[in-house]
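[1] Using only what follows, build the 3D model:
(one chain, ligands or ions: 3)
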Amino acid sequence: MAKVIKGGTIVAADRTYKADVLIEGEKIAEIGEGLKAEETIDAEGCYVIPGGIDPHVHMEMPFMGTFSAENFHSGTMAAASGGTTTIIDFCIPAPDGSMLEAWDQWVAKSHDRAVVDYAWHMCVTGWSERIFDEMQEVVKRGVNTFKHFMAYKGALMVDDDEMFASFSRCAQLGALPLVHAENGDIVAALQQKLMAEGNNGPEAHAYSRPPEVEGEAANRAIMIADAAGCPVYIVHVSCEQAHEAIRRARQKGQRVYGEPLAQHLILDESEYQNKSWDHAAQRVMSPPFRSKAHQDGLWAGLAAGSLQVVATDHCAFTTEQKRMGMGDFTKIPNGTAGLEDRLSVLWTYGVEPGRITMEEFVAVTSTNIARILNLYPRKGAIMVGADADICVWDPKAAKTISAATQKSIIDYNVFEGVKVSATARCTLSRGEVVWSAGANAQPAPGRGRFVKREPFTPVSTSLAKWKELTAPRKVIRDIANMPAGV
Ligand SMILES: NC(=O)NCCC(=O)O
Ligand SMILES: [Zn+2]
Ligand SMILES: [Zn+2]
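    Ligands and ions are numbered 1, 2, ... in the order given. The predicted structure follows:
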């Protein structure tokens with residue numbers, strides 16, 4: 001049955017205008033005034049925005065001796081309730097393990113559970129001929145991004161030579177490397193030192209990961225990408241040092257992207273000083289929350305365009321799981337949730353006070369990442385022919401964030417008590433209502449589909465051309481006719 005979203009104001013990354021949206025099947029069929037269909041969705045007083053894309057989440061992630069608690073069903077339900085219609089997880093092989101085996105594990109946990117569309121980035125957790133070969137197969141299957149951890153020594157961390165090899169392979173395949181930028185050796189050394197000094201509480205997690213270790217690693221990853229001839233995307237940029245590295249590289253013409261998280265934009269390092277061990281441990285994530293000055297820098301980067309995407313790194317652990325690190329902060333599972341609150345907190349703290357425009361809000365929550373990942377305009381756009389992934393966004397539907405009312409499976413919310421001024425009235429995924437405020441939408445588990453992404457974005461194609469044109473070239477010398485004695 002055709003549907004029309006009526007009476008709303010469309011906000012796109014490039015303009016805002018009043019129009020109705022006609023949906024036929026899974027696609028947007030027409031945009032204009034006075035449209036009619038069998039079913040009407042009332043958007044009076046609301047904005048009509050592309051469904052959010054969260055490019056950084058971890059469902060049932062095997063990590064630090066446990067698994068993150070959210071699964072593809074609870075996670076995608078949470079996403080839909082917050083206006084997000086696509087999530088991108090990370091498929092993680094065991095260290096040096098097979099990417100294709102990990103692929104099967106991720107299919108098993110996602111395919112019959114997701115209620116909105118999903119995809120994953122493939123993680124590079126070592127280097128071998130098998131990994132080199134498997135990367136091509138992964139790209140053929142529709143994944144054009146490879147993630148590298150410069151932290152988590154002894155677990156997921158890769159070294160510079162492995163990153164250079166993998167980035168070079170990404171350049172050949174037209175893929176984009178992603179990087180968790182923290183100097184893992186220094187973090188491990190600082191962890192040991194702090195523990196030896198008796199500094200074993202959750203606040204020491206932040207002490208062991210100062211901004212400098214993130215900035216150094218970001219600079220290193222950017223240099224390696226330049227040497228390998230590929231663009232690079234730095235995940236969870238939390239501080240000015242990493243932002244500065246990205247900004248500087250972009251000014252020089254390098255294709256570098258930066259992704260701050262909603263949590264880093266709103267919450268700060270004082271959370272770790274809380275007298276409640278649970279409160280502080282629940283907020284342990286890497287990189288940790290920073291000072292207000294770093295937050296100001298991240299907001300400025302979103303306004304200026306030196307940072308392009310806001311994600312959440314949704315990696316939810318229960319309080320009980322966090323308590324695995326009681327007495328030893330290095331054993332607190334790293335990660336925080338935020339998937340269902342990303343749009344609301346970004347609107348409230350970004351659009352409301354005038355830090356970013358509504359159009360920039362749409363750009364950083366869907367359109368920019370759709371372009372970076374070669375999903376645009378199928379996703380991230382209100383456009384004829386695009387998937388009808390749409391959020392009817394109510395700028396007057398305020399609420400106070402609370403674990404008591406959240407969709408996420410865990411028992412707390414790092415944004416507990418935060419008052420947000422806007423929420424999703426209704427969320428559609430490929431034309432189906434998967435969330436509606438006050439109603440009881442029951443999307444079928446498994447209706448969400450795996451979204452394939454082609455390699456060779458315009459950016460990676462241009463960069464490959466430029467790198468070829470400017471590659472070092474051998475000087476041809478006429479050695480046979482050189483004068484004697486030279
Ligand atoms: N960020 C975090 O603390 N946990 C999730 C894994 C990662 O992205 O580093
Ligand atoms: Zn990370
Ligand atoms: Zn992550």
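[2] Looking at the stretch 101-250 of the chain, which residue is nearest ligand 1?
    Using C-beta to the nearest ligand atom, the closest approach of the stretch 101-250 of the chain to ligand 1 is made by H180 at 5.0 Å. For glycine as for every other residue, the C-beta is placed from the backbone atoms N, C-alpha and C.
[3] Ok, the stretch 351-486 of the chain next?
    Using C-beta to the nearest ligand atom, the closest approach of the stretch 351-486 of the chain to ligand 1 is made by V414 at 11.9 Å.
[4] can I assume that residue is in contact with L339?
    No - counting by C-beta atoms under 8 Å, V414 sits too far from L339 to count as a contact (11.7 Å).
[5] show me the contacts for the residue of the stretch 1-150 of the chain found nearest ligand 1.
    Going by C-beta to the nearest ligand atom, ligand 1 is nearest to H58 of the stretch 1-150 of the chain, at 5.5 Å. Counting by C-beta atoms under 8 Å, 6 or more residues apart in numbering, H58 touches S68, E70, D89, F90, D313, H314, C315, G335.
[6] Let me see the contact set for the nearest residue to the last one once chain neighbours are set aside.
    This means G335. Distances taken as C-beta to C-beta, 6 or more residues apart in numbering place C315 nearest to G335, at 2.9 Å, with adjacent residues excluded. Listed by C-beta under 8 Å, 6+ apart, the contact partners of C315 are V57, H58, M61, F63, S68, M285, N334, G335, T336, A337.
[7] switch to 6 Å and redo it
    Going by C-beta atoms under 6 Å, 6 or more residues apart in numbering, C315 touches H58, M61, S68, G335.
[8] what about the last one, distance to Q263?
    Okay, so that is G335. 10 Å (C-beta to C-beta, to the nearest Å).
[9] is it true that Q136 lies in a strand?
    No - counting by DSSP: H, G, I helix; E, B strand; the rest coil, Q136 falls outside a strand, being helix.
[10] hmm, back to that, want to try CSV for the contacts of H58, with pLDDT as columns?
    Shown next, in CSV, are the contacts of H58 (pLDDT from 0 to 100):
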residue, pLDDT
S68, 98
E70, 98
D89, 98
F90, 98
D313, 98
H314, 98
C315, 98
G335, 98
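[11] so which of those are also by ligand 1?
    Residues of the contacts of H58 in contact with ligand 1 (C-beta under 6 Å from any ligand atom): D313, C315, G335.
[12] hey, which helix is longest across the chain?
    Using DSSP state H, we find that the single longest helix of the chain is helix 211-228.
[13] Can you confirm whether that one lies near ligand 1?
    No - applying C-beta under 6 Å from any ligand atom, one finds helix 211-228 separated from ligand 1 by no less than 11.6 Å.
[14] Name the nearest of the contacts of H58 relative to A225.
    Proximity of the contacts of H58 to A225 was ranked by C-beta to C-beta; the top entry is F90 with 18.8 Å.
[15] Beyond the one helix or strand the closest one maps to, next helix or strand please.
    Secondary structure from DSSP states H and E places F90 in strand 84-91. Counting by DSSP H and E, the element after strand 84-91 in chain order, helix or strand, is helix 99-110.
[16] what's around P483, how many residues?
    5 (other C-beta atoms under 10 Å).
[17] my bad, G229
    G229 is flanked by 19 other residues according to other C-beta under 10 Å.
[18] What is the burial count for the residue nearest to it when sequence neighbours are not counted?
    Nearest residue to G229, sequence neighbours excluded (C-beta to C-beta, 6+ apart): K467, at 4.0 Å. Burial of K467 is recorded as 14 neighbouring residues (other C-beta under 10 Å).
[19] chain center to the helix or strand hosting K467, what's the gap?
    Per DSSP H and E: K467 is located in helix 458-469. Relative to its chain's centre, helix 458-469 lies at 25 Å (C-alpha atoms, centre = their mean, to the nearest Å).
[20] Quick check: buried residues in it?
    Judged by neighbour count (16 or more other C-beta atoms under 10 Å), helix 458-469 contains these buried residues: V459, S460, L463, A464.
[21] which helices and strands sit right next to that helix?
    Under the contact definition 3 or more C-beta pairs under 6 Å, 6 or more residues apart in numbering; DSSP states H and E, helix 458-469 sits against no other helix or strand.
[22] where does the residue lying closest to L463 once chain neighbours are set aside sit relative to L176, distance-wise?
    Nearest residue to L463, sequence neighbours excluded (C-beta to C-beta, 6+ apart): R255, at 5.6 Å. Between R255 and L176 the computed distance is 9 Å (C-beta to C-beta).
[23] Common neighbours of the two, please.
    P231.
[24] neighbours of V4, just the number please.
    20.
[25] what residues are up against it?
    D20, L22, L35, A37, T40.
[26] Report the separation between it and E432.
    Counting by C-beta to C-beta, the gap from V4 to E432 is 15 Å.
[27] same thing with K153?
    With distances taken as C-beta to C-beta, K153 is found 44 Å from E432.
[28] for the stretch 101-250 of the chain, what spans make up the helices?
    Using DSSP state H, counting those that start in this stretch, the helices of the stretch 101-250 of the chain run over 129-140, 160-173, 184-196, 203-207, 211-228, 240-251.
[29] Redo the ones you listed as CSV? Include mean pLDDT and mean neighbour count.
    Shown next, in CSV, are these (pLDDT from 0 to 100; neighbours: other C-beta atoms under 10 Å):
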stretch, mean pLDDT, mean neighbour count
helix 129-140, 98, 16
helix 160-173, 98, 20
helix 184-196, 98, 17
helix 203-207, 98, 22
helix 211-228, 98, 21
helix 240-251, 98, 21
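[30] What residues does this protein have near ligand 1?
    Residues of the chain that fall close to ligand 1, judged by C-beta under 6 Å from any ligand atom: H58, H180, M285, S286, D313, C315, N334, G335.
[31] about what we covered before: out of the contacts of C315, which are inside helices?
    Using DSSP H, none of these sit in helices.
[32] follow-up on the earlier one: what pairs with the residue of the stretch 101-250 of the chain closest to ligand 1 across the strands?
    Judged by DSSP bridges, the bridge partners of H180 are F149.
[33] wait, doesn't it sit right on K147?
    No - using C-beta atoms under 6 Å as the test, H180 is too far from K147 to be in contact (7.2 Å).
[34] quick one, what contacts A114?
    Here A114 is in contact with F72, T76, G448 (C-beta under 6 Å, 6+ apart).
[35] what about the chain, any weak spots by pLDDT?
    486 (pLDDT under 70).
[36] Quick check: end-to-end length of stretch 47-65?
    Taking C-alpha to C-alpha, to the nearest Å as the measure, stretch 47-65 stretches 43 Å from start to finish.
[37] does whichever residue of the stretch 151-300 of the chain sits closest to ligand 1 sit in a helix, a strand or a coil?
    Nearest residue of the stretch 151-300 of the chain to ligand 1: M285, at 3.6 Å (C-beta to the nearest ligand atom). At M285 the chain is in coil, as set by three-state DSSP.
[38] All set now, cheers.
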